[in-house]
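**Q** no sequence on hand, only this structure:
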């Protein structure tokens, strides 16, 4: 079944005076979708003529029932808050408690923080679970809403991409990010990704940087993770280089 978003019943769709023919989007998202490669289809039924965004899900789309629960003047603001990038952070290569603490601290101080943090304990790590628990216990007074867990790896899983694939099996969030322990994530990074995805409507398959990566969970599952080959290699082989980005591309506002 193709991925599409119908504007017909969206409260942000604008119609002619008769209310029968859609003439645009109050948020100007149709133009942005076209700029990002989506096709805008003219459609109709027995009630209205309206637009359909082909190949993309519009996260801004809100129905009348949702609109009744919010003041009309705050529709855009409320929708934007709901869309704030939901992601799980995964920290790998944990061999030094100070490095791990630095990375966790940088995640807690993100302008758009993660919903969940998973710390990987490989088979060769000397880090004690209690030491990791103490880091999180000391942070809970700062950000009580961030959930966390420690995941121990078996010997068969004890490789970088195996770590990632093992964690993603149980991820419930639309995005995940992987970081090498010791990397201090700049505080504005995930706000920048959130802006590109939700305001600029960027579609990406993977974002790469020196100490990690960010991937939509749906992409990971669609290509079967890093089984046999990495996600990046699979996207290149399927001629989808256009959805591979470097973090520099995300930070570039041009």
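**A** Sure thing, it's come through. This one's a predicted model, so the numbers in the text were calculated from it and none came from an experiment.

**Q** what about the strands in the chain?
**A** 4-6, 13-15, 22-25, 39-44, 49-54, 87-92, 116-121, 147-152, 175-180, 206-209, 212-216, 244-246 (DSSP state E).

**Q** nearest to residue 61, of these?
**A** The closest of these to residue 61 is strand 4-6. By Cβ to Cβ, the value is 5.6 Å. To be clear about C-beta, it is placed using only N, CA and C from the backbone, and glycine gets the same treatment.

**Q** which residues in the stretch 51-200 of the chain form helices?
**A** Per DSSP state H, counting those that start in this stretch, the stretch 51-200 of the chain carries helices over the ranges 64-68, 75-82, 97-108, 129-139, 160-168, 189-194.

**Q** least reliable of these going by mean pLDDT?
**A** Within the helices of the stretch 51-200 of the chain, confidence is poorest for helix 160-168, with a mean of 88 (mean pLDDT).

**Q** which strands or helices does that helix pack on?
**A** strand 87-92, strand 116-121, strand 175-180, helix 217-222 (3 or more Cβ pairs under 8 Å, 6 or more residues apart in numbering; DSSP states H and E).

**Q** and the strands of the chain as a markdown table, adding distance to residue 127 and mean neighbour count?
**A** As requested, the strands of the chain are exported to a markdown table (distance: least, Cβ to Cβ, whole Å; neighbours: other Cβ atoms under 10 Å):
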| stretch | distance to residue 127 | mean neighbour count |
| --- | --- | --- |
| strand 4-6 | 45 | 17 |
| strand 13-15 | 53 | 16 |
| strand 22-25 | 50 | 17 |
| strand 39-44 | 50 | 13 |
| strand 49-54 | 47 | 18 |
| strand 87-92 | 11 | 24 |
| strand 116-121 | 6 | 22 |
| strand 147-152 | 9 | 14 |
| strand 175-180 | 14 | 22 |
| strand 206-209 | 24 | 20 |
| strand 212-216 | 19 | 21 |
| strand 244-246 | 31 | 16 |
